[in-house]
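Trainee: Structure for the following, please:
(one chain, ligands or ions: 1)
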Amino acid sequence: MPKKMEALSGLRAKFGSTVRKRYSRAYRTLKTARECPSCASLKLKRTASGIWTCSVCGYTVAGGAYDIVPAKTA
Ligand SMILES: [Zn+2]
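Mentor: Predicted structure coming up:
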């Protein structure tokens, strides 16, 4: 299946395709580089669901589970 652009091995053949697509979209959003509001570096990472921490200055902020801004269900 070379046409698929799912860059994930996480779920493999488990679950249906809808769930896998949803998962890969959330995963990609999660891995996007984010700017730290405090020191402007791109090291803001999610440490737990809804908790984002900058690995440079240690700035911690609450946000959405998969994005710094809580996603609207579309
Ligand atoms: Zn920072």
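Trainee: So Arg20: helix, strand or coil?
Mentor: Using DSSP: H, G, I helix; E, B strand; the rest coil, the three-state assignment for Arg20 comes out as helix.
Trainee: Which positions in the protein make contact with the ion?
Mentor: Proximity of the chain to the ion (CB under 5 Å from the ion) is limited to residues Cys36, Ser38, Cys39, Cys54, Val56, Cys57, Tyr59. Just so you know, the C-beta spots here come from the backbone N, C-alpha and C atoms, and that holds for glycine as well.
Trainee: Is there a quick PyMOL command that grabs whichever of those residues are buried?
Mentor: Listed next is the PyMOL selection for buried residues among these, using 16 or more other CB atoms under 10 Å:
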select buried, resi 36+54+59
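Trainee: Of the residues of the chain next to the ion, which one scores lowest on pLDDT?
Mentor: When those are compared by pLDDT, Ser38 scores lowest at 88.
Trainee: what sits against it?
Mentor: Neighbouring residues of Ser38 by CB atoms under 8 Å, 6 or more residues apart in numbering: Cys54, Cys57, Tyr59.
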